[in-house]
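Trainee: let me see the structure of the following:
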Amino acid sequence: MRFRVYFGLIALSIVDVGCALHEVAPKDPQLPAAFENRSSDNAQDWPSQDWYKGFGSPELQALIGQAAGSNLDLTMARARVRQADARARQAHAAILPSLDANGNANYLAGHSAQGSAHEADWAALLSASYEIDFWGKNRASARSASLLAQASKADRDTIALTTLAGVANNYFQVLSLSDRLKNAASNLDAAQKLLTVIQFRYEAGLSNPVELATQKAVVATAGLVIPDLNQQRSEALAALAILLGRAPEGFSVDGQTLDPLIEPAVGSGLPSELLTRRPDVFMAQANMRAANADLLVARAALFPSFTLTASGGVQNPALNAAILSLSGVGQTLNLGAAITQPIFNGGRLRAARSEAEAKEEELVAAYNAAILSALVDVENALSALRHLDDARPLQEENLAQSVRAFEGASIRYKAGAQDFLTLLEAQRTLYAAREQYTQYKLARFQALVALCKALGGGWQVQSPVTSNKEIR
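Mentor: Next comes the predicted model:
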C-alpha cells in the first residue's frame, strides 16, 4: 500500500504542468506611429554600437575605450551581474532533486549488575529529496531569478551607455572651453590693441578721459574671463578623468578645438522599434515580468506542497526499528512522502500575496513610465537638432556680420570718422557673437550624443523577454 501511494505521487509530479499557475502578459503599450520631430530627410539607420566613431576623433575613441574598461560604476555593475547570475543558478537548482552523501558512526557501551555490553552502529547512505512542483512555484521562482539576471545585464548596459555618452559630452565640453579660451585671448588682444589706439588719440588730444577709462575697463573685463574659463576647463577635465576611473592629477587631453570633429548622421527609426533598443526599457520590462513570477510564487504558497524523500546504502544494524530489528551489516532503503497544507499562519501568506500584487502593479507602471521617458528623450533630442539646424545660418550670419561691423568701426574710428560708442558697441557685439557661436557648436555635438543615447546607442535585445499569454 505504501509503495502504491509513493508511485501515485510520482505520477502526480509528471502531470504537474497542467496544474501550475501561469503568467499573464501585460497589455501592449500604445505607441505613436512616428516621432513628431523626426525630419523628413532623417536617415532610417539606427546608431551603431560604435556610434562615437562617427565624430571622427581618435582621441575620443581612445578615451571611451578607457572608460569601458576602467569606469568604477561599470565595474560595480558587472559585479552585480555576476551576483544576479549566481542567484539565478541557485533558484534553478530548486527545480531538481537534491542528493546528499551521509556517513555516521555511533559507539554505545554500558555496565550494570547484569554485565557489560557494547555496540557500534554506523551507516553510509545516499539520500535524495524532491519537492514536486505541482503548482509551478519553483519554476516561477527560477523564472523570476532569470528575469532579474537579465534586468541586471540591461542595467549594466544602461550604465555603460550613460558612461560613454558622458565621456563624449565631457570631452566636447573640454574642447569647447579650449575654443572659448582662444576667443577670450583673441578678444583681450583686440581690446588691448584698441586701447593702444585710444591712448595715442588721447595723448594727441583726439580722445577724452572717459573713452580711455571705458576701454581700460573693457580690457580688464576681457582679462577676467580667462581665469574663469581655465577653472571651468579644469573642472571638466576632472569630471572626464573620473569617468575614466582615474585620478584627475596630471590628466589632460590633446584636442584643443571642436573644429576637426564631424557631425555623424543619426537616424531615429520608428517608436515601435525603440522598445527593443533601449536597455533601460528592457530592464523595466524584465523587472515587471519578474514581479509577475514572484506573484505566482506567493499564490502557490497557499496550496499544498508535496515532497518525496529516499535514502539507501549500507548500515549496521541493517534495520533498527521499534518492532523488527535486523542485526549485522546490510543494505538499507528508506522511502518517504510528505504533503503540507498551510492552515493558519496569521494571514502571513495572504499578506505576502497582496504585497506581490502591489509590487507587480508598481513595476507595470514603472515599465510604462520607462517607455514614456524613452519617447521623451528621443523627441527632445530630435527637437534640439531640428532647432539647431534652423539656427545654423543665423548663427553663421551673426558671427560674420559682427566681425565685419567691428573691423569697419575700428577703421573708421582710427580715421576719426566714427564715434567711440559705436566702436564700443561693435566690439561687445563681436565678443558676444564669438562666445555664442562656440556654445552653439557644443550644443550641436551634445545634441547628437543625446540622440545616440536616446536611441539606445546601438543596443539591441539579445534574449528578449518572450510574451506568455497563458491564462492562470
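
Trainee: my guess is residue 282 meets residue 460, correct?
Mentor: No: counting by C-beta atoms under 8 Å, residue 282 does not reach residue 460; the two are 9.5 Å apart. All C-beta spots, glycine's among them, are computed from the backbone N, C-alpha and C.

Trainee: overlap in contacts, the two.
Mentor: Counting by C-beta atoms under 8 Å, 6 or more residues apart in numbering, the shared contacts of residue 282 and residue 460 are residue 276.

Trainee: name the residue in those two with the higher neighbour count.
Mentor: Legend: neighbour count by other C-beta atoms under 10 Å for residue 282 and residue 460, higher for residue 282 (29 against 14).

Trainee: give me the pLDDT for the more buried one.
Mentor: What the model reports for residue 282 is a pLDDT of 94.

Trainee: just checking, it is part of a helix?
Mentor: Yes: counting by DSSP: H, G, I helix; E, B strand; the rest coil, residue 282 is found in a helix.

Trainee: just give the closest residue to it, not the sequence neighbours.
Mentor: Among residues not flanking residue 282 along the chain, residue 154 sits closest, at 4.6 Å (C-beta to C-beta, 6 or more residues apart in numbering).

Trainee: give me the element the one you found is part of.
Mentor: According to DSSP states H and E, residue 154 maps onto helix 137-203.

Trainee: count the neighbours of residue 172 for me.
Mentor: 25.

Trainee: surely it is in contact with residue 446?
Mentor: Yes: between residue 172 and residue 446 there is a contact at 6.1 Å, judged by C-beta under 8 Å.

Trainee: and residue 250, what element?
Mentor: Assessed by DSSP H and E, residue 250 sits outside every helix and strand.

Trainee: return the distance of it relative to residue 241.
Mentor: Noted for residue 250: a distance of 9 Å to residue 241, by C-beta to C-beta, to the nearest Å.

Trainee: quick check on these two: which one has the bigger neighbour count.
Mentor: Legend: neighbour count by other C-beta under 10 Å for residue 250 and residue 241, higher for residue 241 (20 against 7).

Trainee: hang on, isn't that one packed against residue 251?
Mentor: Yes: in this structure, residue 241 is within contact of residue 251 by C-beta under 8 Å, at 4.2 Å.

Trainee: which one is residue 295 nearest to, not counting chain neighbours?
Mentor: The spatially closest residue to residue 295, leaving aside those adjacent along the chain, is residue 356, at 4.2 Å (C-beta to C-beta, 6+ apart).

Trainee: before we move on, what about residue 451?
Mentor: Using C-beta to C-beta, 6+ apart, the nearest residue to residue 451 is residue 381, at 3.8 Å.

Trainee: for that neighbour, give me its contacts.
Mentor: When contacts are counted by C-beta under 8 Å, 6+ apart, residue 381 touches 447, 450, 451, 453, 454.

Trainee: which secondary structure element of this protein has the lowest mean pLDDT?
Mentor: helix 2-14 (a mean of 43; mean pLDDT, DSSP states H and E).

Trainee: check which element follows that one along the chain.
Mentor: helix 58-70.

Trainee: for the helix or strand following that following helix, name the packing helices and strands.
Mentor: Using DSSP H and E, the helix or strand that follows helix 58-70 in sequence is helix 72-93. Helices and strands touching helix 72-93, as assessed by 3 or more C-beta pairs under 8 Å, 6 or more residues apart in numbering; DSSP states H and E, comprise helix 137-203.

Trainee: distance from the helix it packs on to the middle of the chain?
Mentor: Taking C-alpha atoms, centre = their mean, to the nearest Å, one finds helix 137-203 lying 18 Å from the centre of the chain it belongs to.

Trainee: okay, and residue 394 sits in which element?
Mentor: Counting by DSSP H and E, residue 394 is part of helix 348-414.
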